[in-house]
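> coords please:
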Amino acid sequence: MAEKTLALVGNPNCGKTTVFNALTGARQRVGNWPGVTVEKKTGAFTHDGTTWRVVDLPGTYALHAPEEASVDEWIASEYVHSGEADILVNVVDATTLERGLLLTTQLLETGRPVIVVLNMMDVLRADGLDVDVELLSRELGCPVVPAVAKRRHGLQPLLEVLQHPVQPASGRPWGGEAGCEGELQARFAWISQLCAGAVHQAQGMRTDVTGWVDRIVLNRLLGIPVFLGMMYLLFMVAINVGSAFIDFFDGVAGAIFVDGVTWAMNSIGAPGWVTTLLAGGVGSGIQLVASFIPVIACLFFFLSFMEGSGYMARAAFVVDRGMRALGLPGKAFVPLIVGFGCNVPSVMAARTLDTAPDRLLTTLMAPFMSCGARLTVYALFVAAFFPHGGQNVVFGLYLLGIALAVATGFLLRRYLFTGETTPFIMELPRYHLPGLRYLLSTTWHRLHGFVVRAGKAIIAAVVVLNLLASVGTDGRIGQVKVDESLLAGAGRLLTPVFAPMGIEHDNWPATVGMFSGVFAKEVVVGTLDTLYRARQGDQDLAEPPTLAAISARVAGAMDSVPANLAGLQDVLTDPLGLAAVGDAESAVHAAGVSDAAFGQLKLAFAGTAGALAYMVFVLLYTPCLATLGAIAREQGRFWAGFAAVWTFVTAYAVAVGVYQVSRLAASPLESVGWLVAMAALLGTGYAVLLHKARPRVRRMVRIPAVCLDEEEDCTAAKCCH
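Here you go, the predicted model:
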């Protein structure tokens, strides 16, 4: 069977990835903003006895010289000129034909067979226009296939054309010599004349919905309020709508993986420690992960909707003016928005920025964006300490993260990175309603990655914590009170460091939770649940469950869904959450922890001030190991360490400040002293970090590019500098 390679090349947002998915059946994240397909993506399909290897290249408007290109543009240009592809499939947005044909003319000059896929023909025709495909094909000297990729229209004609590629004709119909002055103007003039003859009016023009909406969304006065409203709606949907399904996931997972495993182990006469390890450790970890799924899924679904609809690109433009006033690159906000889902792709998306300082600056800002994992911690503390209007507290935390990300960018730009910010040029796609298939597949892709990563971390952490909690300081193993365990000893040793932020000496589980969160922020809730439950002496596993009890628990979980959905009416009539969110029992289930642990949590912290300080610390402190690893891969180990220390110092100072401000009336002298000390800590810590970083900044930061040959390692010669 013959094997060939085709490369998909085109402008950003022209539908390359949609064509890629249609050809290969692969599922890949698709969006309307830079940073979606930075690395080379490959797939394969077989047609008429030929196996085709498909390469989805990053979007680019032209084939630039290396010194003129960003990282993604360099990758696309380098691959096209490498000659590895047998056929170049140029995907062109039919609604922006004149702009897209510039890249087409450059591809024709490579001498490789070129096929033009004229995508989004449905949108063009809805605008009352049409294209003379035969004229376009004749003038370009290559096949042109009209298509609507999202509906798979035009796929079969493309497959047929692939079997009979046409070698492009030699010559330059636009005239002029390559590289000479005026050649580009002649090229554009020829393209403009071609489009004038090929594009014609078919019927009456429809109303420009995109322009009408943009007059509101991009308005100088209304843009920021609309953006904040969309962000607030995101959090309200994630917390309130997602919470309606938490009881179902929590109950079913508990019945199967905790009660079911306990019943099975008891039935075969397994030792008690085995039952405790599998049901209390692994089973409880799985149950905890399951309780996260509804809220996180709602968060990812709504983010996917905003990306697919075209609003996310507008959000980047809305905040551009404010960020540029601080000396920050406006384009940096695009990967930062991705950080609301997970900081790891946020760090990776920084590759799309044009200069090394901008990429590094954005990477160091990304950890302050509150990822979905932190939302699980907020949900627990909001249920315990802020039963009224909890989403307002969460919304405030997200805004605080954005503010400190901007402040970090300002400080680093002012004292570390000098020079002008790069211009922000970005295409605003049309508004459209994303398809349900796209929304579900994108949400599933993100949710699956989150659950797998979180599940591994939480289960491992719960098992390890159970082991440490079962070993006493005197060396005894098993039947050890958690207060007398090695875990308690380590927690007590470190807890005094966090006393200024309201963590008292007896609340050592909170300290252990913070340090376990460095492995993954999702682990914080699992740690607190395990330790508070053990401290209380929770006897959930003391009474062996029966099959009847397990079945009843599953039935109860299923019955909870319609009841909780009926309660969503209160959210619609009270969007600010001024009424009670729910009773205590619902709050416990929403947090995904046991009743005993929930009760201990409410007693352990110094009221709402201590809880808020703890939430602020979790928001800001050292990123998880996955994020630190991504920073190390992209920027080097030094900058990963820089980010870890910078965020920890910031988190400690701000959290202490939050708690001490609440104590000003009761202990003014002591609180003022701590506030002054935290200001000194920030100033000194930042000064030391900046001093250490300056020699690194003087040298060009090297960002690893994607190897064009997957079988070879990426060497220095294959990296962009």
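> contacts, neighbours, all on C-alpha from now
Noted.
> Give me the below-cutoff pLDDT ranges for the stretch 601-721 of the chain.
Low-confidence segments of the stretch 601-721 of the chain, defined by pLDDT under 70: 698-721.
> so where does residue 263 fall, helix or strand?
helix 261-267 (DSSP states H and E).
> Look at residue 645 and say how many residues are nearby.
Applying other C-alpha atoms under 10 Å, we find 18 residues neighbouring residue 645.
> My read is that residue 50 contacts residue 5, right?
No. Using C-alpha atoms under 8 Å, residue 50 is not in contact with residue 5; the gap is 10.2 Å.
> neighbouring contacts of stretch 111-125?
14-15, 83, 86-95, 104, 107-108, 130, 142-149, 158, 161, 165-168, 170, 202 (C-alpha atoms under 8 Å, 6 or more residues apart in numbering).
> pLDDT averaged over it - what is it?
In this model, stretch 111-125 has an average pLDDT of 90.
> Pop out the phi and psi values for residue 8.
Here is the backbone geometry of residue 8 (degrees, to the nearest 10): phi -90, psi 120.
> List the contacts of it.
Residue 8 makes contacts with 16, 20, 54, 55, 56, 57, 88, 89, 90, 91, as judged by C-alpha under 8 Å, 6+ apart.
> Settle this for me: the fifth one is touching residue 10, isn't it.
No. Contact criterion C-alpha under 8 Å: residue 56 and residue 10 do not qualify, at 9.5 Å.
> Name the residues contacting each of the two.
residue 16.
> These two: which is more packed in?
Between residue 56 and residue 10, counted using other C-alpha under 10 Å, the more crowded position is residue 10 (29 against 25).
> Which helix or strand contains the nearest residue to the more buried one once chain neighbours are set aside?
Counting by C-alpha to C-alpha, 6 or more residues apart in numbering, residue 10 lies nearest to residue 91, which is 5.1 Å off, once chain neighbours are set aside. Using DSSP H and E, residue 91 sits in strand 87-93.
> next structured bit after that strand?
Next element after strand 87-93 (DSSP H and E): helix 97-108.
> just checking, next helix/strand downstream of that next one?
Helix 97-108 is succeeded, C-terminally, by strand 114-119 (DSSP H and E).
> tell me the average confidence for the host helix or strand of residue 392?
Assigned by DSSP H and E, residue 392 belongs to helix 390-415. For helix 390-415, the mean pLDDT works out to 86.
> now stretch 194-204
On average, stretch 194-204 scores 81.
> Give me the contact list for it.
97-98, 125, 127-133, 135-136, 139.
> now swap in stretch 396-406 and tell me
323, 365, 366, 367, 368, 369, 370, 616, 619, 620.
> what about the fourth one, how many neighbours?
It refers to residue 367. Close neighbours of residue 367, defined as other C-alpha under 10 Å, add up to 31.
> coming back round to it: alpha carbons only: can I get the helix holding residue 263 in CSV?
Provided in CSV are the C-alpha atoms of helix 261-267 (Å, rounded to 0.1, in the frame of the first residue of the first chain):
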residue,chain,number,x,y,z
VAL,A,261,-15.5,-2.5,47.7
THR,A,262,-16.0,-2.8,51.5
TRP,A,263,-18.8,-5.4,51.0
ALA,A,264,-16.6,-7.3,48.5
MET,A,265,-13.6,-7.4,50.8
ASN,A,266,-15.7,-8.5,53.7
SER,A,267,-17.3,-11.2,51.6
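> how about it: buried residues?
For helix 261-267, a neighbour-count test (16 or more other C-alpha atoms under 10 Å) marks 261, 262, 263, 265 as buried.
> For it, name the packing helices and strands.
The elements that helix 261-267 packs onto, with contact taken as 3 or more C-alpha pairs under 8 Å, 6 or more residues apart in numbering; DSSP states H and E, are helix 272-275.
> Distance from the helix it packs on to the middle of the chain?
Distance of helix 272-275 from the chain centroid (C-alpha atoms, centre = their mean, to the nearest Å) equals 39 Å.
> Convert it to PDB, retaining C-alpha atoms only.
The C-alpha coordinates for helix 272-275 follow below in PDB (Å, rounded to 0.1, in the frame of the first residue of the first chain):
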ATOM      1  CA  GLY A 272      -9.000  -5.100  57.700                       C
ATOM      2  CA  TRP A 273      -6.000  -3.100  56.600                       C
ATOM      3  CA  VAL A 274      -6.600  -4.200  53.000                       C
ATOM      4  CA  THR A 275     -10.200  -3.100  53.200                       C
END
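> What residues sit buried inside the helix or strand residue 229 falls within?
For residue 229, the enclosing helix or strand under DSSP H and E is helix 223-236. By neighbour count on 16+ other C-alpha under 10 Å, the buried set for helix 223-236 is 223, 224, 226, 227, 230, 231, 232, 233, 234, 235, 236.
> So among those residues, where is pLDDT lowest?
residue 235 (66).
> distance between the ends of stretch 384-392?
15 Å (C-alpha to C-alpha, to the nearest Å).
> brain fart, stretch 467-474
End-to-end distance for stretch 467-474, by C-alpha to C-alpha: 15 Å.
> secondary structure element for residue 297?
helix 284-309.
> Stretch 221-235: how far from the chain's middle?
19 Å.
> Please read the previous query as pertaining to stretch 680-699.
Taking mean C-alpha positions (C-alpha atoms, centre = their mean), stretch 680-699 and its chain are 28 Å apart.
> ok, and what's touching that stretch?
Outside stretch 680-699, the residues touching it (C-alpha under 8 Å, 6+ apart) are 415, 416, 417, 642, 646, 649, 650, 653.
> Among these, name the buried ones.
416, 417, 642, 646, 649, 650, 653.
> hang on, the earlier thing: which one of the buried residues of helix 223-236 sits closest to residue 407?
residue 224 (18.3 Å; C-alpha to C-alpha).
> and the residue lying closest to residue 218 once chain neighbours are set aside, helix, strand or coil?
In space, and not counting its chain neighbours, residue 218 is closest to residue 318: 6.3 Å by C-alpha to C-alpha, 6+ apart. Of the three states, residue 318 takes helix under DSSP: H, G, I helix; E, B strand; the rest coil.
> that older thread, which two in the contacts of stretch 396-406 are spaced the farthest apart?
323 and 616 (23.1 Å).
> In this protein, which helix is the longest?
helix 436-469 (DSSP state H).
> Which strands or helices does that helix pack on?
Going by 3+ C-alpha pairs under 8 Å, 6+ apart, helix 436-469 lies up against helix 284-309, helix 486-494, helix 523-536.
> Now tabulate these in TSV and tack on mean neighbour count and distance to residue 25.
Output for the helices and strands packed on helix 436-469, formatted as TSV (neighbours: other C-alpha atoms under 10 Å; distance: least, C-alpha to C-alpha, whole Å):
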stretch	mean neighbour count	distance to residue 25
helix 284-309	24	19
helix 486-494	18	49
helix 523-536	25	35
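> Looking at neighbours, which among the contacts of stretch 396-406 is most surrounded?
So for the contacts of stretch 396-406 (other C-alpha under 10 Å), the most neighbours sit at residue 366, 35 neighbours.
> Was I right to think it contacts residue 339?
Yes. If you go by C-alpha under 8 Å, residue 366 and residue 339 touch, sitting 6.4 Å apart.
> For residue 255, see how far away residue 562 is.
On the measure of C-alpha to C-alpha, residue 562 and residue 255 end up 19 Å apart.
> Who has more neighbours out of the two?
Per other C-alpha under 10 Å, whichever of residue 562 and residue 255 has more neighbours is residue 255, with 24 against 11.
> Counting neighbours, what do you get for the closest residue in space to that one that isn't next to it in sequence?
Once flanking residues are discounted, residue 255 sits nearest to residue 550: 5.4 Å by C-alpha to C-alpha, 6+ apart. Residue 550 sits with 20 neighbouring residues when counted by other C-alpha under 10 Å.
> State whether residue 550 and residue 260 are indeed in contact, as I suppose.
Yes. Between residue 550 and residue 260 there is a contact at 6.9 Å, judged by C-alpha under 8 Å.
> Do a quick rundown of the strands in the stretch 1-150 of the chain.
Along the stretch 1-150 of the chain, counting by DSSP state E, counting those that start in this stretch, strands occupy 2-10, 41-47, 50-56, 87-93, 114-119, 129-131, 144-146.
> which of the ones you listed has the lowest average pLDDT?
strand 41-47 (a mean of 83).
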